[in-house]
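1. Here's a sequence, model it:
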Amino acid sequence: MIVKTIHSLEKVFFDRSPEPAAWNADVAARGEVYSFQVMLEPETMPERGLYRVAVQSELPVEVRQVQSVPVRQAVNCNPDDDFLRKEPGLYPDLLEELDEDRFQLFYGRQTLWVTVRVPEDAVPEEYPIRFEFTRVEWPNRWNPALVATAEFRLKVEDFALPPQQLLRLEWFHADCLAACYGVPCWSEEHWRIVEAFLRNALRHGINCIYTPLWTPPLDTGLGGERPTCQLLDIEYSPESGYRFDFSRLERYLDLGLACGAERFAMSHFFTQWGAKFTPKIVVREGKCEVKRFGWHVKATNPAYREFLAALMPELLALLRRKGLEKRCFFSISDEPQLEQLDDYRAAVELVKPLLEGFPTLEALSSFEFFQKGLVENPIPSNDHIEPFVGHVRELWTYYCCGQELLVPNRFIAMPSRRNRIMGILAYVYDLTGFLQWGFNFYFSQYSRKLIDPFASTDSDGAFPAGDPFLVYPGRGGKPLDSIRHEVFYDGLQDLRALRLLESKIGREAVLALIGEHLTMKEYPRRDEWLRGVRERVYRELAAKR
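-> Below you'll find the model as predicted:
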């Protein structure tokens, strides 16, 4: 058996790809989540490829198997050449838990993903991590004879990374979880699953939680709708008007805070791409539940103004009681285009007087919306960010399916460094926040049907594979991570290390240490450069402690 420890930036395919270089030692901070891989390749294919791994380490170590997933649409319509491959096939992405420390060795190569969660109080020294591989023979008998061994050395430095400052918002699709697991929305089982996925998100640095006051009017075609998933319980009668029960919303907010959320992003006030219609809002009238708002009600309808005028004072009072007045964002309509400016302005004029100073946050790429004062906190895509630099008080950016030419993104077919580089670029641009739309979107485009994420990583061919979700829905309501999920978090740790070094030597010195003039479209396309930045930063931090 050929066994090799390799860097987390490598993606190992089943078939023959460029030989990954060995990576036998590195350094980490106290409290850091450090990842690397172990690649196995049999010299001759055994009759049955079931193996067992035993780990010897003083540090907490988790081992998962890298599984390849189907990639049908690897790229979109305008890709550059910085992709691993562009053809359909099996690509490494899913991180699956081992079954009693056992894993299947498929034909060709197999990779294990190793996660070391360095304790905050770890003694600064070098820690060996040893792997011993043995064979499990038919019928499921363990052979104690060693097949192969591998060792990695991780030196823990005497400093800890500071808390994450970057606000990271990945849209959390609670309705997708109810649909995927076949449970009623906001049933106790749904709450249990929601909590598991929220905890996973927060553990990976997603500290802004999308909050469905009503069913999110996102990724739905004209006249279409997503499964009803609203936190507000609303009653209406012509005599007494609207009555609101905020119990579910309070439970959701309390859960988010318990998991460590920093901010809450409220569901959009109007439909996507132009703010022409109202979101789907279900109201109880007598003994019946009625879809009082939706595609059948225009944004300017007085009935919607009446609804918001009744809701917002009570909602904002609740948020203030919970101490969230500076920790919530509201949004008008996702990704408005310039030709929809008048409709968007009308929507803003309807809502803004009701917000009582609460901020708005919007993904858009036209600078004119900001120039006209329609958006307080614009979020331009990373390929349209430059006009906003130096003009907005708090700079955000996002990427989604359309950003595949030069700029960073997280598509499965991209090299991992193109994912991780966002951490360094967030420092260079001094970003306040980052947005991506798909933490766990398990529907086809326009939410027409539920898809199987293990078979369709592209929302039934709508987007480049990897764009719609970062986690897979595991058995029992447990999220399963992806390489992309872990690597982006590595980038967030890079950002935290740069912030720590800045506190010691200043921003200009840190930029000089990075050593390149970086933009969203211009940055070194080499794993060695990215690793080199981290090494230099840690070397400086070790010298300054």
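
2. Strands along the stretch 401-545 of the chain, start to end?
-> All strands of the stretch 401-545 of the chain, identified by DSSP state E, counting those that start in this stretch, fall at 433-436, 472-473, 479-480.

3. ok, now the stretch 51-200 of the chain?
-> Counting by DSSP E, counting those that start in this stretch, the segments of the stretch 51-200 of the chain that form strands are 61-71, 89-97, 102-104, 110-117, 126-137, 141-160, 167-170.

4. Those strands: which one's closest to Asp490?
-> strand 110-117 (10.8 Å; C-beta to C-beta). The C-beta positions use only the backbone N, C-alpha and C, and glycine is treated the same way.

5. Output the contacting helices and strands for the closest one.
-> Secondary-structure packing of strand 110-117 (3 or more C-beta pairs under 8 Å, 6 or more residues apart in numbering; DSSP states H and E): strand 33-41, strand 61-71, strand 102-104, helix 483-505.

6. Which parts of the stretch 251-400 of the chain are helices?
-> Counting by DSSP state H, counting those that start in this stretch, one finds helices in the stretch 251-400 of the chain at the ranges 302-321, 341-351, 367-371.

7. neighbours of Ile514, just the number please.
-> By other C-beta atoms under 10 Å, 18 other residues sit near Ile514.

8. And it, how close does it get to Pro524?
-> Distance of Ile514 to Pro524, computed by C-beta to C-beta, to the nearest Å: 10 Å.

9. circling back to that earlier point, next, format the strands of the stretch 401-545 of the chain as CSV and append mean neighbour count.
-> Converted to CSV, the strands of the stretch 401-545 of the chain look like this (neighbours: other C-beta atoms under 10 Å):
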stretch, mean neighbour count
strand 433-436, 24
strand 472-473, 22
strand 479-480, 22
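
10. contacting residues around Leu431?
-> The neighbours of Leu431, taking C-beta atoms under 8 Å, 6 or more residues apart in numbering as the test, are 166, 395-397, 425.

11. Among the residues you listed, which one sits closest to Pro336?
-> Within those, the smallest distance to Pro336 is 15.7 Å, found for Trp396 (C-beta to C-beta).

12. Pull out the buried residues from stretch 153-170.
-> The neighbour-count check on stretch 153-170 (16 or more other C-beta atoms under 10 Å) flags 154, 156-157, 159-161, 164, 166-170 as buried.

13. Switch the residues you listed over to TSV; also include distance to Glu535.
-> Below are those laid out as TSV (distance: C-beta to C-beta, whole Å):
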residue	distance to Glu535
Leu154	14
Val156	15
Glu157	12
Phe159	15
Ala160	18
Leu161	15
Gln164	21
Leu166	22
Leu167	28
Arg168	25
Leu169	31
Glu170	29
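
14. burial count for Phe370?
-> When neighbours are defined as other C-beta under 10 Å, Phe370 has 19 of them.

15. so how far is Val537 from the nearest residue to it once chain neighbours are set aside?
-> Once flanking residues are discounted, Phe370 sits nearest to Pro378: 4.7 Å by C-beta to C-beta, 6 or more residues apart in numbering. Look at Pro378 and Val537: by C-beta to C-beta, they are 30 Å apart.

16. which residues of the stretch 401-545 of the chain fall in helices?
-> In the stretch 401-545 of the chain, the segments counted as helices under DSSP H, counting those that start in this stretch are 416-428, 483-505, 507-514, 527-544.

17. and the last one, what other elements does it pack with?
-> With contacts defined as 3+ C-beta pairs under 8 Å, 6+ apart, the secondary structure elements packing on helix 527-544 are strand 25-30, strand 141-160, helix 416-428, helix 483-505, helix 507-514.

18. Can you give the domain ranges for the protein?
-> The record's domain parsing of the chain by automatic domain parsing lists 2-162, 167-502.

19. TSV for these, including distance to Leu541 and mean pLDDT?
-> Formatted as TSV, the domains of the chain follow (distance: least, C-beta to C-beta, whole Å; pLDDT from 0 to 100):
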stretch	distance to Leu541	mean pLDDT
domain 2-162	5	92
domain 167-502	6	97
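
20. Of all those, which one is nearest Arg531?
-> domain 2-162 (6.9 Å).

21. And the closest one, how far out from the chain middle?
-> Centre-to-centre, domain 2-162 and its host chain are 22 Å apart (C-alpha atoms, centre = their mean, to the nearest Å).

22. Can you measure across that domain, start residue to end residue?
-> 39 Å (C-alpha to C-alpha, to the nearest Å).

23. tell me the most buried of the helices and strands packed on helix 527-544?
-> helix 416-428 (a mean of 24; mean count of other C-beta atoms under 10 Å).

24. what angle separates that helix from strand 89-97?
-> Counting by axes from the mean of the first three to the mean of the last three C-alpha atoms, to 10 degrees, helix 416-428 lies at 70 degrees to strand 89-97.

25. Just the CA coordinates for helix 416-428, please, in PDB.
-> Extracted in PDB, the C-alpha atoms of helix 416-428 (Å, rounded to 0.1, in the frame of the first residue of the first chain):
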ATOM      1  CA  SER A 416      -9.400  24.500  -3.400                       C
ATOM      2  CA  ARG A 417      -7.000  27.500  -3.300                       C
ATOM      3  CA  ARG A 418      -9.600  29.400  -5.400                       C
ATOM      4  CA  ASN A 419     -12.000  28.900  -2.500                       C
ATOM      5  CA  ARG A 420      -9.600  29.600   0.300                       C
ATOM      6  CA  ILE A 421      -8.100  32.700  -1.200                       C
ATOM      7  CA  MET A 422     -11.300  34.600  -0.100                       C
ATOM      8  CA  GLY A 423      -9.900  34.800   3.400                       C
ATOM      9  CA  ILE A 424      -6.800  36.700   2.300                       C
ATOM     10  CA  LEU A 425      -8.800  38.900  -0.100                       C
ATOM     11  CA  ALA A 426     -11.200  39.700   2.700                       C
ATOM     12  CA  TYR A 427      -8.300  41.200   4.600                       C
ATOM     13  CA  VAL A 428      -6.900  43.000   1.600                       C
END
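
26. which strands and helices sit next to that helix?
-> Using 3+ C-beta pairs under 8 Å, 6+ apart: helix 416-428 touches helix 483-505, helix 507-514, helix 527-544.

27. which residues touch the residue nearest to Phe370?
-> 362, 364, 367, 369-370, 388, 392, 396.

28. likewise Ala179?
-> Residues near Ala179 by C-beta under 8 Å, 6+ apart: 227, 442-443, 450.

29. related to what we said a few turns ago, Val533: which of the helices and strands packed on strand 110-117 is closest?
-> helix 483-505 (7.3 Å).

30. Report the beta-bridge partners for Glu170.
-> Legend: beta-bridge partners of Glu170 under DSSP bridges are Gln436.

31. Near Gly506, how many other residues are there?
-> The local packing of Gly506 (other C-beta under 10 Å) involves 11 other residues.

32. oh sorry, the question was meant for Trp529
-> Trp529 has 16 nearby residues by other C-beta under 10 Å.

33. same question, the one 10 residues further on
-> Around Arg539 there are 13 other residues, counting by other C-beta under 10 Å.

34. And Gly241, by the same measure?
-> 12.

35. Once you drop chain neighbours, what's closest to it?
-> Nearest non-adjacent residue to Gly241, counting by C-beta to C-beta, 6+ apart: Ala310, 6.1 Å away.

36. quick one on the thing from earlier: mind putting the helices and strands packed on helix 416-428 in CSV, distance to Trp138 included?
-> What follows is the helices and strands packed on helix 416-428, written out as CSV (distance: least, C-beta to C-beta, whole Å):
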stretch, distance to Trp138
helix 483-505, 31
helix 507-514, 54
helix 527-544, 40
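
37. Select, out of the ones you listed, the one closest to Pro238.
-> Among the helices and strands packed on helix 416-428, the nearest to Pro238 by C-beta to C-beta is helix 483-505 (49.3 Å).
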